[in-house]
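Colleague: just to be clear, the model below is a prediction. Sequence and coordinates:
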Amino acid sequence: MINSIDTAGFGKIPPQARDFEEAVLGAIMSHEGTFLTVCDILTADMFYVEAHKYIYEAIETLSKANAPIDLLTVCESLKKAEKLEYIGGAYALAKLTNLGATGDVSYHATIIKQKYINRQIISSSTDTIRLAYKDGGDCFDILDKWRADVIKMDALLAVSKKRDISTITQEAIDEIIQSAQRKGISKYPTYLSSFDVNLSADAGDLIIISGEAGMSKTSFVTDLGRRQAKKGLPFGFMSGEMKDVGIVQRLIAQEGAVNLNEYAKYGINNKQLLDKIYQAADVVSKLPMYISENSGLKLPEIVSTARKWKKDHNIQGLGIDFLQLIKDSTVKTNSRAELIGYVAYALKGLAIELSIPIWLICTLNRGDKKDYGKRPILASLKESGDIEYAADKVVFLYRPEYFGATVDSDGGSVADKCEAIIAKYRGGPLNTVDLRFDKGCTKFYDWDYDSSGIQKEKLIPMKDAIDENSNYVPF
């Protein structure tokens, strides 16, 4: 809860709804089952009158004990808590039952909640102003606190869904039919067919993409974002490690299947190849992709940016690079693992709120050097406990060639192979999917091009493409 402050300095009485508070409390004590109607809307802190807070706390205590809730039991509960005299005695309680609401009690409860949120807005805004006037105040810390307050207030506005099972059943059937029409492929596919038939990204999913350094985790997420955007699914990407220009250069390389590193090394005098880069850049520039670079990823900023992208552009997916870089100065803990866990659960909540999958890049725990080069497992995740619990799916990328392997256990070549190890799948089977990774352009393909129908795009080596007789000047 945001710390309450004295609002008398404004010369106004804080927002409140005493009559509604009395009506709700009276109805709870007078009509059986009323508490169940309002318990998901109200907490004791939301009542403005302190005596009403104590009464509601007594009601909550009775509910937790599965005890009846009426005038006599509430009176007895307050007596045990030594609060009965403070609220005005049994007479005051009896008076409330005469004022009990007879209409829609949930509406009355919502009014009480709205007044409480208004008080919190005043409190947060006033506190922010005071901190801003204070000498030596760090503006970034002030903004972080203000954003955190806004997130808490937004959470208060969220209303849990309570629907009749017949309605939910119809929606479930509709989704089953739609999934069948898509042949089991997700609404949010990576457009790598072998991967999509093994893992379905769903709205509200938190999907962890992890692996050793050098496994091209970021490339995997930018590439799937590019593919989705080309199919009309707006995609957002936030990075605490790469500049936005570098991200776009990677997208151009992936789109054009061009090795930009070789371009930088050898230079280009070949107009045909340069035209390919320009064509790829033109495609990328028109994609519904939204990129944010921030060397100090902060959770409140991630949440506010994602909400804005969803509102303004209706993003259908979000990539974040990477979990261990995310900070939140409003979380009071000295434990790195607790902070990471808090962030992971917060991002899971964000995925549910925005109804999109979030692809969250995560590093491995490199504490034990003897595990380097081995296929990772869930315990390999850095600060793994809460990350594993918060995630719906966990995928490890593993490139055998990177660690010196040339053939697999069957004697087949592992050149360009990237194994996508599905280590956790809430609601689905675990599996390993073989992909092909072109490290020149950092682009992913299905391993079996013939069965997937995807034709491999051949990279043109820069040193072989140079036309020494050309006077064409590259950009």
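Modeller: Sure thing, it's come through. Numbers count the residues shown, from 1 in each chain.

Colleague: got the domain boundaries for the chain?
Modeller: According to automatic domain parsing, the chain comprises the domains 8-157, 184-465.

Colleague: what about these, which gets the closest to Asp174?
Modeller: For Asp174, the closest of those is domain 184-465, at 12.3 Å, according to C-beta to C-beta. Quick note: C-beta positions are derived from backbone N, CA and C, even for glycine.

Colleague: still on that earlier bit, figure out which of the domains of the chain is closest to Glu171.
Modeller: domain 184-465 (12.4 Å).

Colleague: quick check: mean pLDDT of the closest one?
Modeller: Domain 184-465 carries an average pLDDT of 85.

Colleague: run the chain-centre distance for it.
Modeller: 15 Å (C-alpha atoms, centre = their mean, to the nearest Å).

Colleague: also stretch 57-67?
Modeller: Distance, centroid of stretch 57-67 to centroid of chain: 34 Å (C-alpha atoms, centre = their mean).

Colleague: pull the CA atoms of that stretch into CSV?
Modeller: Below are the C-alpha coordinates for stretch 57-67, written out as CSV (Å, rounded to 0.1, in the frame of the first residue of the first chain):
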residue,chain,number,x,y,z
GLU,A,57,-11.0,-7.0,9.7
ALA,A,58,-13.2,-8.8,12.2
ILE,A,59,-15.4,-10.0,9.3
GLU,A,60,-12.4,-11.2,7.4
THR,A,61,-11.2,-13.1,10.5
LEU,A,62,-14.6,-14.8,10.8
SER,A,63,-14.6,-15.8,7.1
LYS,A,64,-11.1,-17.3,7.4
ALA,A,65,-12.4,-19.4,10.3
ASN,A,66,-15.5,-20.5,8.3
ALA,A,67,-17.6,-19.0,11.0
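
Colleague: what does that stretch contact?
Modeller: Under the contact criterion C-beta atoms under 8 Å, 6 or more residues apart in numbering, stretch 57-67 has outside partners 25, 28-29, 35, 39, 44, 68-69, 73-74, 77-78, 81, 83.

Colleague: compare these and tell me which is most surrounded.
Modeller: Neighbour counts for the contacts of stretch 57-67 (other C-beta atoms under 10 Å) peak at Ile28, which has 31 neighbours.

Colleague: look up how far Leu323 lies from that residue.
Modeller: According to C-beta to C-beta, to the nearest Å, Ile28 and Leu323 sit 43 Å apart.

Colleague: where do the helices sit along the stretch 151-300 of the chain?
Modeller: Assigned by DSSP state H, counting those that start in this stretch, the helices in the stretch 151-300 of the chain fall at 165-181, 193-196, 217-230, 244-256, 260-266, 271-285, 299-313.

Colleague: picking that back up, from the contacts of stretch 57-67, which land in strands?
Modeller: Of the contacts of stretch 57-67, none are assigned to strands by DSSP state E.

Colleague: which of the residues you listed fall in helices?
Modeller: Leu25, Ile28, Met29, Phe35, Thr73, Val74, Ser77, Leu78 (DSSP state H).

Colleague: nearest spatial neighbour of the fourth one, chain-adjacent residues omitted?
Modeller: Put plainly, it is Phe35. Ile28 (5.0 Å; C-beta to C-beta, 6 or more residues apart in numbering).

Colleague: my guess is the one you found contacts Cys39. True?
Modeller: No - using C-beta atoms under 8 Å, Ile28 is not in contact with Cys39; the gap is 9.4 Å.

Colleague: count the residues that sit near Gly103.
Modeller: 9.

Colleague: please identify which helix or strand holds it.
Modeller: Assigned by DSSP states H and E, Gly103 belongs to no helix or strand.

Colleague: roughly how far apart are it and Lys276?
Modeller: Distance from Gly103 to Lys276, counting by C-beta to C-beta: 69 Å.

Colleague: can you check Phe396 too?
Modeller: Per C-beta to C-beta, Phe396 is found 33 Å from Lys276.
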